[in-house]
Every structure is written in C-alpha cells, then in structure tokens.
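Participant: Need coordinates for the below:
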Amino acid sequence: MAIESKSHADRFKEIYDVERHVMATDGGILVEDPYPAWAELRASAPVHKGTVRQLMGYDSPGGLGGPHNREVYSAFSFQANDIAFRDNEVFSSTFYEGLTTKTFGKSMLEMVGTEHRRYRALAQPAFTPKRAQWWIDKWIQWLVDEALSGFEHRGRAELNAEFCSRIPLQTITSSFGLTRDEALDFREGAEGGMAYSGREESETSRDRGDKTTAMLKRVIEERRAEPRDDVITMLVQSEIEEDGQRHFLNDDEIYGFARLILTAGSGTTWRQLGILLVALLRQPDLLDAIRRDRELLKGAVEEVLRWEPTATIIRRLVTRDVELCGVKIPTGAVIELNMGAANRDPERWEDPDRFDPNRRIEANLAFVSGPHVCLGMHVARAEMTVAMNAVLRLPNLRFDPEAPEARIIGLEHRGPNGVPVVFG
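Facilitator: A predicted model of the protein is given here:
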C-alpha cells in the first residue's frame, strides 16, 4: 500500500476539524452542552415563539440565512417534532428552496409531495436495508480495514482525523467511482469551501465547484458508455416521469443527487462515529462488555443516535395557520425542529440524559421521520457498526492521557473536538 503524503493527511485534519466546522456553520457559537437549556425550555412548553438561539440568549440568526422578516417558532418535545416532520404539506421543506441551490442545485431537500416521492424513488434502491450488505462488501469493510492499518502499529492515533472522517467520505466517493485523490476535492467542492472557512463564496470555492462538476461529468460519461455496479450507474440508468413523459436524468439532476448524497453522508456520519467512540471511551466497562459481546453494539449505535444526534435543528415553512401541541402558528412562519431536545424528552425516555445502550430501543429523530427520513440511514448504521467492530480489535483502547480532553461541542452541528487514543 502506498504511504499517504503528509499534505493529504493534513487536508483531512483541516476539512474535518470539528471545532472549525462548528464555528463556521453555527454562527460562531461554540456550545459544549446545550441540553440543560433545552430541557428547561421543553419542560415549560413543547413549542416556543423565537429561534432556538434567541431562546437560549444568543443573537446569531444561525441557519435562517441572515436577516428575515418571518415569525419563528421552535419545537422541543418529541411529539411536536414528530408531528411536524410527518406533515410535510403544512410544515413544508420548501423552506430550503433556493438556500440549497448553490450547494446542490435543486434537490430533494426542498421538494414536497409527488415531486419529492418521484425523485426519492430514483435513489432509494441503493439505500434500502437489504442493500446495506452491498455497501459493506463493496466498499465499507475494506476501507475500514485500510484506515485502521494506517495507525494500528503505532499504539496511538487521533481517531477523528485518521479514522472517523475517512470512512463515510471514501465510501461515498468510491461508490461514485472517484479516485482517492479526487475524494477530498469533491468534498470541498460540494460545500463550496464555506463550511471550512466561514467566508462568503470566493473564486477559490467556485473553482472547487467547477472541479467537482468536471469530476462527475467524467464519471457520468464513463458509466453511460460502460455501466458498473455503483451509484452513478444507478442514477445514469434512472428514468423519471414528468408531464406524462419519461426521460433519463440529465447531468444537472445527477450532479444534484451526487452532491446531496456526498455532503449528507460524509458530513454527519463521521461526527456520529466520533461521538460513539467518545461515549464508550468514557465508560471503559461498557466498552469492554461490547468487545466481549458484539451483539451489544447494535444497542450502542441506536442509543448514540438518540443521545447525541450530530444535526440537531432542521427548519420548515408553515404553509397555513396551524396549532401544534397547543401553540398557534401563523401561515408563513418558520419552525425550527430541535431533534436534539426531542431525543431527550422524558415523556418518551426514562433518564434521557444518560447514555445507556441497554435501554429499550424506541424510534428517535436523529434521521428525522416522515417523508424526508434520511435516505442513507442504513448505510450510516453499517459504516458505524463495521468501524466500531474494527476499532474494538485494538487492545486496551483508552483516551490518550497526554492529549487534550475529548469534548462533544456544537449547537446545531455536534461532534467531538478530537478522539485521541492510545492502545496496546
């Protein structure tokens, strides 16, 4: 195996620097534990008027995209969030119309009703529960083993940059047919570089976007000429019906799907895997129990999704006057759905602030619910499970006592500031 260049390793550290990412995407707010504030708000009412940030005492507008004149409400209970996610007509994802275009082009994130169902059905076959093993066999397992082989001889590692960040990114880009060198370029280009710098779109980020498009164009042309068993081939061969006519997806539509899949898949699972590692490393007895009985790992994966989801807030546009859990919300308002608060609702989970992989599994909102439930959730679970099984091969795994303490940080985008470990 070729030795990875230092510059390549440094790019992983830069792109997947959780603190930098949180500061850029969360409006400069670096929160370590928002849950006590959310618990207090949830206990006083399931829905409040105001943004989550305002209700917590911050001035930053966050993900509302800057100044706006809409009324904003925030949902904190499981029931309120679940109702809103399941009714995508009244609580509409058209909130994202135009906001995601720069990154993805028109995407499923902003679609509703028949249009959303039609487009989602095109990509769904690659992401069913039965297809999880296809992802494991073709990409996930060997990528996990390769990443682990890069540091298992050293006796120490920073698992966020050296392991967690690599698995989702390389799984998705490999399924697109991109080379290893193209993977990081694609990740940067797909998000325009803004998630890493916090700056307005620059000539450099536009260049990255152009480069991303060129990469995909090459792969699309290759798959049309010579189909393979991968995701781009599936999209190239997909047909969609519009206005009574059927046609294959055009390049722009494929670009939109690919950027959405890449950004969503590699932008959340790496942090969720890191959170799982931190949670287990904080409880060595629990880590050892899972090492001895791998059947316990399923419960740990589901529990970490409930306990610390990486994405905590999603927004919807209210399309008609409605009452949600006793609170009247007018047409044209925006509602912030706080999955982090919902996933710790004591009305649904006993002692919800405790990380307990042995608790009874109840559906949570880490992957949303309703029509927009996460397309790639089964792939994410597969990545986390295979990765954890590999990490558990490292003997006497523990936090590095010489490194800074691992902290889970972020308001809207949560993740560990690092996962430094020693073993052996």
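Participant: which element is E14 on?
Facilitator: helix 6-15 (DSSP states H and E).
Participant: Quick one: list the elements packing against whichever helix or strand comes after that helix.
Facilitator: Next along the chain after helix 6-15, taking DSSP H and E as the criterion, comes helix 18-25. If you count contacts as 3 or more Cβ pairs under 8 Å, 6 or more residues apart in numbering; DSSP states H and E, helix 18-25 packs onto helix 194-197, strand 408-409, strand 415-416. Glycine gets a C-beta too; all of them are placed from N, C-alpha and C.
Participant: Give me the angle between helix 18-25 and helix 6-15.
Facilitator: Helix 18-25 runs at 50 degrees relative to helix 6-15, counting by axes from the mean of the first three to the mean of the last three Cα atoms, to 10 degrees.
Participant: Distance from the chain centre to helix 18-25, please.
Facilitator: 14 Å (Cα atoms, centre = their mean, to the nearest Å).
Participant: likewise stretch 264-280?
Facilitator: For stretch 264-280, the distance to the chain centre is 8 Å (Cα atoms, centre = their mean).
Participant: Ends of stretch 147-164, what's the gap?
Facilitator: 9 Å (Cα to Cα, to the nearest Å).
Participant: scratch that, stretch 361-378 is what I was asking about
Facilitator: First-to-last distance for stretch 361-378 - Cα to Cα - comes to 16 Å.
Participant: Other residues contacting that stretch?
Facilitator: 78, 81-82, 85-88, 93, 108-109, 112, 116-117, 120, 123-124, 127-129, 131-132, 261, 264-265, 272, 299, 302-303, 305-306, 309-311, 314, 339, 342-343, 348-349, 380 (Cβ atoms under 8 Å, 6 or more residues apart in numbering).
Participant: part of a strand, is E241?
Facilitator: Yes: under DSSP: H, G, I helix; E, B strand; the rest coil, E241 sits within a strand.
Participant: Return the per-residue confidence for it.
Facilitator: pLDDT for E241: 76.
Participant: Next, find the distance separating it from L122.
Facilitator: To L122, E241 is 11 Å away according to Cβ to Cβ, to the nearest Å.
Participant: Show residues contacting the helix holding E14.
Facilitator: Under Cβ under 8 Å, 6+ apart, the answer for helix 6-15 is 20, 161-162, 165-166, 181, 184, 187-188, 196.
Participant: From those residues, keep the buried residues only.
Facilitator: Burial by neighbour count, 16 or more other Cβ atoms under 10 Å: within those this picks out 20, 161-162, 165-166, 184, 187-188, 196.
Participant: Dump the residues you listed into CSV; add pLDDT as well.
Facilitator: Below are these laid out as CSV (pLDDT from 0 to 100):
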residue, pLDDT
R20, 79
A161, 90
E162, 93
S165, 90
R166, 91
L184, 81
R187, 76
E188, 73
Y196, 36
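Participant: Of those residues, which is the nearest to E253?
Facilitator: R187 (20.9 Å; Cβ to Cβ).
Participant: what are the C-alpha coordinates of the host helix or strand of that closest one, in CSV please?
Facilitator: Take DSSP H and E as the rule and R187 turns out to sit in helix 180-190. Only the C-alpha atoms of helix 180-190 are listed here, as CSV (Å, rounded to 0.1, in the frame of the first residue of the first chain):
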residue,chain,number,x,y,z
ARG,A,180,-8.7,8.6,-3.7
ASP,A,181,-7.1,11.9,-4.8
GLU,A,182,-10.4,13.2,-6.0
ALA,A,183,-12.3,12.4,-2.8
LEU,A,184,-11.2,15.4,-0.8
ASP,A,185,-11.5,17.8,-3.8
PHE,A,186,-15.1,16.6,-4.2
ARG,A,187,-15.9,17.1,-0.5
GLU,A,188,-14.5,20.6,-0.6
GLY,A,189,-16.2,21.5,-3.9
ALA,A,190,-19.6,20.0,-2.9
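Participant: how much does that helix deviate in direction from helix 6-15?
Facilitator: Using the same axes, to 10 degrees: helix 180-190 against helix 6-15 is 30 degrees.
Participant: counting contacts, what elements does helix 180-190 pack onto?
Facilitator: Partner elements for helix 180-190 (3+ Cβ pairs under 8 Å, 6+ apart): helix 6-15, helix 166-176, helix 203-225, helix 251-281.
Participant: next one: it to chain centre, how far?
Facilitator: 17 Å.
Participant: tell me the angle it makes with helix 166-176.
Facilitator: 100 degrees.
Participant: Between helix 251-281 and helix 180-190, find me the angle.
Facilitator: Computed by the same axes, to 10 degrees, the angle between helix 180-190 and helix 251-281 is 100 degrees.
Participant: Y16 against L159, yeah?
Facilitator: No: using Cβ atoms under 8 Å, Y16 makes no contact with L159, being 11.1 Å away.
Participant: related to what we said a few turns ago, give the residue from E241 and L122 that has the larger number of neighbours.
Facilitator: More crowded of E241 and L122, by other Cβ atoms under 10 Å: L122, with 19 against 9.
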